[in-house]
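1. curious how this folds, go ahead:
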Amino acid sequence: MNYKYGIGVMSKNIVDECINFSNTYNYNLTLIPSRRQVDFDGGYVNGWTTETFSKYVKARTNNILLKRDHGGPNQGLHEDDGLISFKNDCLYFDAIHIDPWKVVKTFRDGCELTKKLIEYCYSINNKIIFEVGTEEAIIKYESNQFEMLILYLQSNLKSEHYNQIKYGVIQSGTALKESKNIGSYNKSRLIDMVNICKKYDLISKEHNGDYLSIELINEKFSYGLNSINIAPEFGQIETKFYLKEIKNTHLFEEFFNICYNSKKWEKWVDESFDPFKHKEELINICGHYVLNYSEFITKIKNNVRLDIDEVIKYNINNKLKELYGIK
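-> Down below sits the predicted model:
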């Protein structure tokens, strides 16, 4: 499976342009909706449920893999065990990132819960593909722990269950905060974890590839990384274009108020962040969360240029071309 990039489902425009891009250039892409974006009971992106989102994409292309990103307990809007969400993922998606790491107390607990959730999902759909591990923002691990996870699953799962694990999440120092990648890249960690994936015949996947230079992304690929996720950066393309259109008008304050009141920016900043001194930064951080709000549509979208969706999709297309080296 040659799916170099996992693209975050931040808006309908991103989904539509990923479909268009994959069909035009015949490239495989992965769409990676989080539970907050698209879930069994809806989400902030276009009101899609897992079922309606899947049917929308699969009716328009055969080049896109649908993978649940961060599937598991407490990964949605409310505290839960994640099982209802997983059941729907198994029915409508191609792959699931099994990520229970937010709720476990020890690494061993994470291994055990990963195993149980794989067994649960396999019982619903024995064709579903799994990704295991997590990103540094949730729990940091080193290459020896990463190998411990794989060995635990290999030893404790039935072979037919284990064989559906195709992706391993490697860590090399990526982390997102305030529309920046604040991680400290560690080449040796990347190489060690990529080699573990090779050893166990897994596709190496890194999360939080946002705001990295193309040169650094290509360097990671040159060291054997197979795939990388990019999400908020794509959402920011859309937000930045709206900002460009309204920055010197009264609509800027309207946009700020909608974003501020949404509280979606709070998880991305620290306590020293002053939203009223950094209004544009706040909008950049969380603008994509409110694109489907009725207040945004009536006050902002309906009062800017009529072709705004087409121009935004053009800019998204340019970013995809940049990633793939298309001139």
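2. would you list every one of the helices in the stretch 151-300 of the chain?
-> With DSSP state H, counting those that start in this stretch as the criterion, the stretch 151-300 of the chain has helices at 159-162, 187-199, 214-222, 232-246, 251-262, 279-286, 294-299.
3. D81 is nearest to which of these?
-> Among those, helix 159-162 comes nearest to D81, with 19.4 Å by C-beta to C-beta. All C-beta spots, glycine's among them, are computed from the backbone N, C-alpha and C.
4. can I get the helices of the stretch 151-300 of the chain in CSV with mean pLDDT and distance to K321?
-> Below are these laid out as CSV (pLDDT from 0 to 100; distance: least, C-beta to C-beta, whole Å):
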stretch, mean pLDDT, distance to K321
helix 159-162, 98, 38
helix 187-199, 97, 25
helix 214-222, 94, 11
helix 232-246, 94, 13
helix 251-262, 96, 28
helix 279-286, 93, 22
helix 294-299, 96, 28
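5. so which of those comes closest to Y5?
-> Nearest to Y5, of all the helices of the stretch 151-300 of the chain, is helix 214-222, at 9.1 Å by C-beta to C-beta.
6. what ranges does the stretch 51-200 of the chain have for its strands?
-> For the stretch 51-200 of the chain, applying DSSP state E, counting those that start in this stretch gives strands covering 64-71, 95-98, 129-132, 165-170, 176-177, 180-181.
7. now, of the ones you listed, which is deepest in the fold?
-> Mean neighbour count (mean count of other C-beta atoms under 10 Å) peaks for strand 95-98 among the strands of the stretch 51-200 of the chain, with a mean of 27.
8. so which elements touch that strand?
-> When contacts are defined as 3 or more C-beta pairs under 8 Å, 6 or more residues apart in numbering; DSSP states H and E, strand 95-98 packs onto strand 64-71, helix 83-92, helix 107-124, strand 129-132, strand 165-170.
9. list the buried ones in the third one?
-> Counting neighbours by 16 or more other C-beta atoms under 10 Å, one finds that the buried residues in helix 107-124 are G110, C111, E112, L113, T114, K115, L117, I118, Y120, C121, Y122.
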